[in-house]
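Colleague: Provided below for reference: sequence and predicted model.
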Amino acid sequence: PARAAKDRILVGATLPLTGSEARVGGFFKEGYELAFDEVNKKGGLDVGGKKLPVQLLLLDDTSTQATAVSLADRLVNSDKVDFLLGTYASHLVEAQSTVAEENKIPYVNGGGGATKIYKRGFKYLFGLISPVELLGTTLMQWIDEQQKAGKLPKPAKIALVWENTAHGKDFRKGVSDFAQKSGGAYQVTVDESFELNGKDFGALLGKVKAAGVDLFLVDAHLPDYITMHRQYVGAGLCHKVVTYGARGAEKDAIQALGADNTAYVLSGVWWSAQLAAKPGASRDFVGAFKAKYGGRDPEWFQALGYETARVLFTAIQQAGKLDRDAVREKLQALKMPSLLPGGTVEFKPETGNQVQNPFVVQQNQKDGTAPIIFPKDAATGTGTGANPKCAK
Amino acid sequence: MDRFVDLAVSAVLLAGLYATMAYGLGLIYGVLRVVNLAHGGVIMAGAYLGWILHGWAGLDPYLSIPLVVGATFLLGMAMYRVLVRHLPRGPAGGPASLLLLFGVWLVLRNVAYLLFTGNDQVIRTSYSTHALPLLGSFVSVNRLAVLAIAVVTPALLHLVLRRTYLGRAIRAVAQNADSCTLVGIDVERIYTLTFGIGTALAGLAGLLSATIFSFNPGFGSGELLKSFVVVVLGGLGSVFGTGVAALILAIVEVFAILVMPSYLTAAVGFVMLVLVLVLRPGGLFGQRVLG
Amino acid sequence: MTGAPMLEVDGIDVFYGDVQVLYGLSLEVREGEIVTLLGSNGAGKTTTLRAISGLRPPRKGEIRFRGRSLASLPAARRAELGIALVPEGRELWPQLTVRENLDLGAYHPRVRANAARNLETVLAMFPRLRERSSQVAGSLSGGEQQMCAIARALMSEPTFLMLDEPSLGLAPVLVEQVMRTVAELHASGITVLLVEQNLRKALEVAQRGTVIETGRVRLEGTSAELSRNPEIRAAYLGI
Amino acid sequence: MTKPPLLATRAVSKHFGGLKAVDEVDLELAQGEILGVIGPNGAGKTTLFSLIAGSIQPTSGEVLMRGHEVSGRPAYRLVRAGVVRTHQLVRPFPNLTVAENVTVGAIHGAWRDEASPRARAAEVLEFVGLAERANELPGTLTLAGRKRLELARALAIVPLVLMLDEVIAGVNPVEAMKLAALIRRIRDERGVSIVMIEHVMPAVMSLSDRIAVLDHGKKIAEGKPAEVAANPLVVEAYLGKGAAEEGATPA
Amino acid sequence: MRRWAADVPFWSAVPFVIVVAALAALPLSLRISPYERNLVTVAFLMISGALAWNWMGGYLGQVSFGHAAMFGLGGFVAARLMLHENPAPAPIAWLLGGIAAGVFSLGAHPMLRLRGPYFSIATIGVGEASRLLFTYWEEFTGGASGVSLPIDIGMKARLYWWALGLAALVVTASFVIRRSTLGLQLLAIKADVDAAADVGVNATFYQDLVMVLSGAVVGITGGLWASFFSFIEPADMFGFDRSIGFVLMSVIGGVGTVLGPVLGAVVFVLLRQFLLASYPQLYLGLYGILLILIILFEPLGLTGLGLRLARAVRRRRRAPGVVAAP
Ligand SMILES: Nc1ncnc2c1ncn2[C@@H]1O[C@H](COP(=O)(O)OP(=O)(O)OP(=O)(O)O)[C@@H](O)[C@H]1O
Ligand SMILES: Nc1ncnc2c1ncn2[C@@H]1O[C@H](COP(=O)(O)OP(=O)(O)OP(=O)(O)O)[C@@H](O)[C@H]1O
Ligand SMILES: [Mg+2]
Ligand SMILES: [Mg+2]
């Protein structure tokens, strides 16, 4: 009732601005802030014929669950925010979204990719980040094209290596389900997990080497990717296809490892700045981002952050009021043109309100670039089927 | 067979790393009977020092060894003078020194965080990913260099401890401090120097790790835990025991992958730690003081 | 033969924690003398030597060496003045070799340059140690350990040598030998303060003696006087 | 058949590596007796106490109480059976008050005495003369006070046998006399049998009914104080050879 | 005639009962928002955990860096019981989780003969090994992705009273233990195991007893924690940071006292919340500095500081210049 007289819309969020996820937390913050700036520059959101500015109340959850939960609690019950945007990293989102559900407050996030978050039947939780499982599937689809084109052996042996987290487990499911359904075209011969921030992968790589596989499919986060790939190259390993899941095209990593050593590494991401090559939502976003952040190129984190906020804004405008349930209904019914690959965003109850947009697959080149090679409609380059360096 | 060689090679390389991480912890414990929980923080500091020198001055990490070792040596001496000196020695000081140095670690971590943010950093050199064929397997040049240093360091340490007056004084202080005073050894000074050397060894370990791993301010906790395992296994305070224990731990961890999922191999070390503490509190090779 | 006072202990009180062990104890040793400190178990002899060497500074009273107060001089600096102690129970570094034990005896900068020469001297004095020089000290027999401890003290070229029960735990032949050594050291110009329970042996080599009982001086006199004193026995037995 | 002694050791030994700290020692303690144990430093006196009290286990031999073997039992069970020791270096619990220190002792003697632990602690403190200091920390007591505390803590258990390791050592002569008197009262008024280690000769000689002498882990003599003092072995090992040669006997 | 510090007259419980009653009535007042209520609930849970840790670390002097193992085990056992097809009522699940944790901690029995830093290092090993093993045990902990409990809207509100009840119980237990002959014996063991045995204390038994009790209470706390957060994962529940948390709370507040861990837990939760909102970059270092200062200058932590202040004030009152009472 008191909310009716409001002169602005208060949106709360926490992000891991310190702690283990701090780097990405910062990226999401940039995305959020860009979206809020854009709206406020236009005088605010049009809510029921009245322009209301939006304000972001952002707190640092230090990458820990208890803090993410209690700060969300604070945002809802003490700061009285109208809506919530999500934090980053699956475990934080899974813990934090319970607060939104208990308080019946819409919670839109672009940072919780694990499918199990969306299997709890929550009504107020919406996820803009496609399941990591789908990342595994998408990569396999491209690989499958190569195999069909005769560039890869059939059957192909896979070493499937994943970090022991929700992220890694989803990736593993995507790949192994695909392999199982392939009718023998793919065999997973090594299936191993490793601890986050692992130190030495010598033994693991030894096992991979001994198994004599064709495809080396890994899901790792950035530090482990760098550590593992260094040892991989150092141990003289080479496989026809190598991927580290969503990692590979980061400039940091290419710099840390050398363009030579990362050539042909495959990665699947939720969005890429190269999508701006064609006119559309992505190009607009990249332009705005560069203007605000000194010409820097955004990565998928900023794009998802930005888009997450935009989805919430769109639903609010469509509802025409700040009523939480009304906004929730509009989110549920939303079908919005988007910068995400696939071009539209919608939340389907059967997937627990997690979007199912495709991934874009990039492949690193010797010159340090990483063009999109899949799907075709988004491609900015052509992929190399099997790493020519390892002839065998 | 081929596979066996591969695993053996990676075990030896890993042992080199574990050993460098553990020497400093063992030395300080051997002489002062203080468990240096700030060890992990110093490893982290060593990594960042190397990174700064590499990034800002373009200094190769191996060339910056003297600078990093020197800086962490001073840090260690300061830690002893300002903090550790005031603790009760012996069993009574045990938990107190543990907690005090843990506090130091938290501060180091926070300082690093303020200076460098939480981002992961790496040191990349031209040879970071170079490999040499060896025994039908490929071995990273950098890892070989780390191994070499892991072997040279205790040899140097051994020489210093055996051949110099200072080294003999350090060993003597560990055995009987009163007699040292009688022949004119300033025991406090020896403690200060020892703490400095132990800390410098941690700094060196950090620098070397930084050429292999990416790191952030939280770096060092895993290294500390491994160092514990190695030092306890080797008998707290024995330089050679430490080296051998590092090798044992590495072999067990690496070969464990043959019988268990790779994820669990990390637990093997901790299980060994607890078993050794309970069954053979003096370490696998018995209690020796700085042999 | 005896000259100016070299060491003056002046009314010292010494404690272990709250336990008082010495009560206003005074003592004097003159240049070139050999003096023995006698007393039964627990009388405070060792404590007196520890106070002089700085390991257990007195709470009250003063110790002067060649007229200079030692109060502000840390224990580690006293070796510099030529004060050396062969501690009770030898207190070697058991895991260091004999050679290392001896080398460390010459740790002090003033004598470090002469280490090689001093080593030759002491090894000549104790040929047994030359044979054992690479053995760890902890594995020596009691007598050998005693020699090693004396040799270690001599490495610092002391002018004032304190020996705490050097005959403790030694076979009679070795006792004879140690006592002879003490006499030789004295003859070579070193002032000696000898603590002994072995009253007869001690009085044989010493010129003067002081008997202490529960931290206080009970009797003083020349060796001859003390040997004759009827009280001495009772005091010595602590009865 | 004579009644078995209250406490006895039969050929009890303790080896530390190659060192025979205690070597086949036989000892007997009769009800109401005070037995003195003397010997040079490192003779094995304290180790013998630890063996009897169960703090360490003998290498061989046995400890008997009223003819029943008790060796191998952990210390706390021997305490509950009435064998209580004090330590050479006083070991009060520093963070507990004087009264609490004694109460800890009183907890486990309850079966022989109906009083509550706290009441018994109070009574014992009165007996040793520490009642005034009940609520202070042991650190505030003088050494003599702490020795009394150590006695009180042991007495609170209502022991049958009290083993005192150098309780008189280190205190000034006046206090030493008072402590000796207290020890005699413990035997006379409370009927506690006592074994005491002491280097302070006047005290041992006057308090003890019998004296045993240890050297290098072996018992080298035993008997009335005067006999022991005259024993040439004892004189050589402990009292001093110089004394023997002058040919007098101790007072 | 003598006033035994240990004889606590029963009326001294009156202020405590009043405080608990007031706290119980607090959520009924409209002044407190659900956010504040939840914060206090977390503080209650931390109080229970810190006090239970303190039985080991403070009373017995065995500083454990591995209590997260019991916290996590209690949490996951409770969670599994509540997720079962025939779900156990929450309080039963918590209790069983606590029992499981207590039994588990008995496994550390052989470690108890280690003392000082050796014990601490061993607990680090046990803690880390537990974390890895339980993370690997998917059927139980859900592996790295953890388990979610069904959302129960009224649960958080009810948990306030449950947590208060637990905390009140644990505070009472801490007092009773401290003041009873059991507490005396624990402190005696802490001061000197051998001397304690020499006055008849069965150190082995009491150490086991305390370890089991401490583990069980921390386990129950873990169960309540699981219900409160609805989602738990092993990396967090079994994490080293959690073990450290128990240590920090007790040390900052005052090891070995009853009030200390309570203060420590409140400061830990509230200060943290405040710092996180205002200076998120500094809180780690501030804890570090606090820890260093406490170890160097005030071993009894905030409690010791309070006592010192009280003494100073009293001295000031008695100081000359103030007119003495007739
Ligand atoms: N570290 C210590 N702590 C407490 N008391 C001590 C310590 N060292 C010695 N004492 C006590 O001080 C007193 C004097 O001891 P000291 O060693 O000086 O005697 P001593 O004359 O050398 O005897 P001995 O002939 O046995 O060597 C003894 O009562 C002894 O118990
Ligand atoms: N735990 C142990 N390990 C090895 N040796 C020991 C141990 N305990 C005692 N000893 C040795 O056993 C011998 C006997 O020691 P004990 O303490 O019984 O002597 P004591 O007769 O009480 O001497 P004091 O009069 O000086 O107290 C000593 O040589 C001592 O060093
Ligand atoms: Mg002596
Ligand atoms: Mg003794």
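Modeller: Sure, I can see it. Ligands and ions are numbered 1, 2, ... in the order given.
Colleague: Wasn't A:Gly381 part of a helix?
Modeller: No: judged by DSSP: H, G, I helix; E, B strand; the rest coil, A:Gly381 forms no part of a helix; its state is coil.
Colleague: And it, how far from A:Lys366?
Modeller: Remark: distance between A:Gly381 and A:Lys366 (C-beta to C-beta, to the nearest Å) = 12 Å. Quick note: C-beta positions are derived from backbone N, CA and C, even for glycine.
Colleague: Looking at those two, which is more packed in?
Modeller: The residue with more neighbours, out of A:Gly381 and A:Lys366, is A:Gly381; 14 against 10, by other C-beta atoms under 10 Å in any protein chain shown.
Colleague: List the contacts of the more buried one.
Modeller: A:363, A:365, A:369, A:371-373 (C-beta atoms under 8 Å, 6 or more residues apart in numbering or on different chains).
Colleague: Report the separation between the two terminal residues of stretch C:163-179.
Modeller: Using C-alpha to C-alpha, to the nearest Å, the end-to-end distance of stretch C:163-179 comes out at 11 Å.
Colleague: who touches it?
Modeller: Here stretch C:163-179 has contacts from C:45-46, C:49, C:85-89, C:142-143, C:146-147, C:150, C:182, C:192-198, C:201, C:204-205, using C-beta under 8 Å, 6+ apart.
Colleague: quick one: low-confidence ranges for chain D?
Modeller: D:1-2, D:109-114, D:170, D:237-251 (pLDDT under 70).
Colleague: got a list of what the residue of it found nearest chain A touches?
Modeller: Closest approach between chain D and chain A, counting by C-beta to the nearest C-beta: D:Asn95, at 34.2 Å. For D:Asn95, the contact set (C-beta under 8 Å, 6+ apart) comprises D:137, E:187, E:190-191, E:256.
Colleague: re earlier: between the contacts of A:Gly381, which sits nearest B:Val141?
Modeller: The shortest approach to B:Val141 among these belongs to A:Gln365, at 25.4 Å (C-beta to C-beta).
Colleague: so that closest one sits right up against A:Thr262, yeah?
Modeller: No: if you go by C-beta atoms under 8 Å, A:Gln365 and A:Thr262 don't touch, sitting 9.3 Å apart.
Colleague: Look at these two and report which has more neighbours.
Modeller: A:Thr262 (28 against 17).
Colleague: From ligand 4, how far off is the closest residue to the more buried one other than its chain neighbours?
Modeller: Distance criterion C-beta to C-beta, 6 or more residues apart in numbering or on different chains; nearest residue to A:Thr262, sequence neighbours excluded, is A:Asn364 at 4.8 Å. A:Asn364 sits 76 Å away from ligand 4, going by C-beta to the ion, to the nearest Å.
Colleague: From chain D, how far off is A:Asn364?
Modeller: 65 Å (C-beta to the nearest C-beta, to the nearest Å).
Colleague: What count of nearby residues applies to that residue?
Modeller: There are 24 residues near A:Asn364, going by other C-beta under 10 Å.
Colleague: Now do the same contact list for it.
Modeller: A:248-249, A:254, A:259, A:262-265, A:267, A:370.
Colleague: How is the residue of chain C found nearest chain B assigned, secondary-structure-wise?
Modeller: With C-beta to the nearest C-beta, the shortest gap between chain C and chain B falls at C:Ala79, namely 3.5 Å. The local conformation at C:Ala79, judged by three-state DSSP, is helix.
Colleague: For the residue nearest to it when sequence neighbours are not counted, give its distance to C:Pro87.
Modeller: Beyond its immediate neighbours in the sequence, the residue positioned closest to C:Ala79 (C-beta to C-beta, 6+ apart) is B:Gly184, lying 3.5 Å away. According to C-beta to C-beta, B:Gly184 stands 14 Å off from C:Pro87.
Colleague: hey, where'd the strands end up in chain C?
Modeller: C:5-16, C:19-30, C:34-38, C:60-65, C:68-69, C:83-86, C:160-164, C:191-196, C:208-213, C:216-222 (DSSP state E).
Colleague: ugh, wrong one, the stretch 1-150 of chain E
Modeller: Using DSSP state E, counting those that start in this stretch, the strands of the stretch 1-150 of chain E run over E:147-148.
Colleague: Would you map the helices across it?
Modeller: Assigned by DSSP state H, counting those that start in this stretch, the helices in the stretch 1-150 of chain E fall at E:14-25, E:34-54, E:68-83, E:90-106, E:117-136, E:138-141.
Colleague: neighbouring contacts of the last one?
Modeller: When contacts are defined by C-beta under 8 Å, 6+ apart, helix E:138-141 is touched by residues E:72, E:76, E:80, E:134-135, E:147, E:233-234.
Colleague: quick one: which two of the residues you listed are the most distant?
Modeller: So, those by C-beta to C-beta: farthest apart are E:Arg80 and E:Thr135, at 15.1 Å.
Colleague: ok, the closest residue to D:Gly32 other than its chain neighbours - contacts?
Modeller: Once flanking residues are discounted, D:Gly32 sits nearest to D:Ser193: 5.8 Å by C-beta to C-beta, 6+ apart. Shown in contact with D:Ser193 (C-beta under 8 Å, 6+ apart): D:6-7, D:29-34, D:160-162, D:187.
Colleague: Could you measure from D:Ser193 over to D:Ser55?
Modeller: On the measure of C-beta to C-beta, D:Ser193 and D:Ser55 end up 19 Å apart.
Colleague: What is the neighbour count of A:Lys251?
Modeller: 11.
Colleague: pLDDT wise, what is it at?
Modeller: On the pLDDT scale, A:Lys251 is placed at 81.
Colleague: Tell me the spacing between it and chain D.
Modeller: In terms of C-beta to the nearest C-beta, A:Lys251 sits 59 Å off from chain D.
Colleague: How about B:Met79?
Modeller: Counting by C-beta to the nearest C-beta, the gap from B:Met79 to chain D is 29 Å.
Colleague: State the phi and psi torsions of that residue.
Modeller: phi -60, psi -40 (degrees, to the nearest 10).
Colleague: Just list the residues touching residue 263, thanks.
Modeller: All of this is about chain A. Counted by C-beta under 8 Å, 6+ apart, A:Ala263 has contacts A:364-366, A:387, A:389.
Colleague: look at chain B instead
Modeller: A:164, A:192-195, E:132, E:135-136.
Colleague: Kindly report the same for A:Lys123.
Modeller: Going by C-beta under 8 Å, 6+ apart, the list of residues near A:Lys123 reads A:101, A:104, A:328.
Colleague: Closest one to chain E out of those, please.
Modeller: Distances from chain E to these, taken by C-beta to the nearest C-beta, are shortest for A:Glu101, at 5.3 Å.
Colleague: Pretty sure the residue nearest to C:Ala79 sits against C:Arg77.
Modeller: Yes: B:Gly184 is within contact range of C:Arg77, at 7.2 Å (criterion: C-beta under 8 Å).
Colleague: count of residues packed around E:Ile121?
Modeller: 24.
Colleague: residues near the closest residue to it other than its chain neighbours, how many?
Modeller: For E:Ile121, ignoring the flanking residues on the chain, the nearest one in space by C-beta to C-beta, 6+ apart is B:Phe228 at 5.6 Å. If you count neighbours by other C-beta under 10 Å, B:Phe228 ends up with 27.
Colleague: Sticking with B:Phe228, tell me its helix or strand.
Modeller: helix B:221-234 (DSSP states H and E).
Colleague: Pull the CA coordinates from that helix and hand them back as CSV.
Modeller: Once non-C-alpha atoms are left out, helix B:221-234 reads as follows in CSV (Å, rounded to 0.1, in the frame of the first residue of the first chain):
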residue,chain,number,x,y,z
SER,B,221,46.1,-22.4,1.8
GLY,B,222,46.3,-25.6,-0.2
GLU,B,223,50.0,-25.2,-0.2
LEU,B,224,50.1,-24.8,3.5
LEU,B,225,48.0,-28.0,4.0
LYS,B,226,50.3,-30.0,1.8
SER,B,227,53.3,-28.6,3.6
PHE,B,228,51.8,-29.8,6.9
VAL,B,229,51.4,-33.3,5.5
VAL,B,230,55.0,-33.3,4.2
VAL,B,231,56.5,-31.9,7.4
VAL,B,232,54.6,-34.1,9.7
LEU,B,233,55.4,-37.1,7.5
GLY,B,234,59.1,-36.3,7.5
